[in-house]
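Student: Got a predicted model here, sequence first, then my questions.
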Amino acid sequence: SGQRTLKRASEAVEHWFLNVPGLTAKVQFLAWKHRAESPVLYVSTPTTSLDSVAEVSIVPRRIWDSDVFKMASDGDVMKDARTCFARSDFSVDKTFLVYISVDSVLSGPPCSGLNIRVFESFITTINSNVIKTLTADEFAAEMVRRRKGQDAVYVRLTGLRGAAHLNGREGFLEGPDPTNSERFTVQLEAATVSVKSDNYDLVRRPKLFDAEYGDEILGYRD
């Protein structure tokens, strides 16, 4: 039935949104950084495949609540956003709005919708310097790295000839290759490769949260 199809499509979109590496971290970072502007986060993608590229943009209220925006859309998004922001349980320090648009879901028609989401607890502990200096993509990338642990070593491949298409890719440095003492194994997103030490650069791991800055957040420095 139509309702079952709609439910399956909605579940597929939600699964995609929650499981694309770094996507929710990027969206929350932007929503938190710009929360004073009462924004709507627009997330669009061609399909719900986990390797489908997501485009994320932030639309502040001065834009989405304008006549120009209304003429450029069907008006429903603006009306729904106004309703959400007017709710007594909506707080920009706790919740944010996301509009997700997918061109094709489950090989079917497009699917889109606006919904209220709650910030995860980590968001309030992001250091203010991080908010100012890191891009949303840089923050999201570091959050993905931390799945391996804060002390995990990440590298970026460079100077490869036989596999030049991998140059620029980032991965987790597992350690020496047990089958070749002159090489190291690097775990990429979809494969593990063996490379020489000349073929990777260390990735700088930025601090993110107040607890990592120690006395610096109190104004003390070495």
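Tutor: Yep, it's here. In this text the structure is predicted, and so the values were computed from the model without any measurement.
Student: Okay, strands next: where are they in the protein?
Tutor: Ranges of strands within the chain are 40-47, 55-59, 95-104, 111-118, 154-157, 170-177, 180-187, 192-196, 200-202, based on DSSP state E.
Student: To residue 17, which of the ones you listed lies closest?
Tutor: strand 95-104 (6.1 Å; Cβ to Cβ). Any C-beta I mention is one placed from the backbone N, CA and C, and that applies to glycine too.
Student: Which strands and helices lie in contact with that closest one?
Tutor: With contacts taken as 3 or more Cβ pairs under 8 Å, 6 or more residues apart in numbering; DSSP states H and E, strand 95-104 sits against helix 2-19, helix 23-33, strand 40-47, helix 76-86, strand 111-118.
Student: Output the longest one as PDB, restricted to C-alpha atoms.
Tutor: Coordinates of each C-alpha in helix 2-19 appear next as PDB, following Å, rounded to 0.1, in the frame of the first residue of the first chain:
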ATOM      1  CA  GLY A   2       0.900   3.600  -0.300                       C
ATOM      2  CA  GLN A   3       1.400   4.000   3.500                       C
ATOM      3  CA  ARG A   4       3.700   1.000   3.700                       C
ATOM      4  CA  THR A   5       5.800   2.400   0.800                       C
ATOM      5  CA  LEU A   6       6.000   5.800   2.400                       C
ATOM      6  CA  LYS A   7       7.100   4.200   5.700                       C
ATOM      7  CA  ARG A   8       9.800   2.100   4.000                       C
ATOM      8  CA  ALA A   9      11.000   5.200   2.200                       C
ATOM      9  CA  SER A  10      11.100   7.200   5.400                       C
ATOM     10  CA  GLU A  11      13.000   4.400   7.200                       C
ATOM     11  CA  ALA A  12      15.500   4.200   4.400                       C
ATOM     12  CA  VAL A  13      16.200   8.000   4.500                       C
ATOM     13  CA  GLU A  14      16.600   7.900   8.300                       C
ATOM     14  CA  HIS A  15      19.000   4.900   8.000                       C
ATOM     15  CA  TRP A  16      21.000   6.700   5.400                       C
ATOM     16  CA  PHE A  17      21.200  10.000   7.400                       C
ATOM     17  CA  LEU A  18      22.300   8.200  10.600                       C
ATOM     18  CA  ASN A  19      24.900   5.900   9.000                       C
END
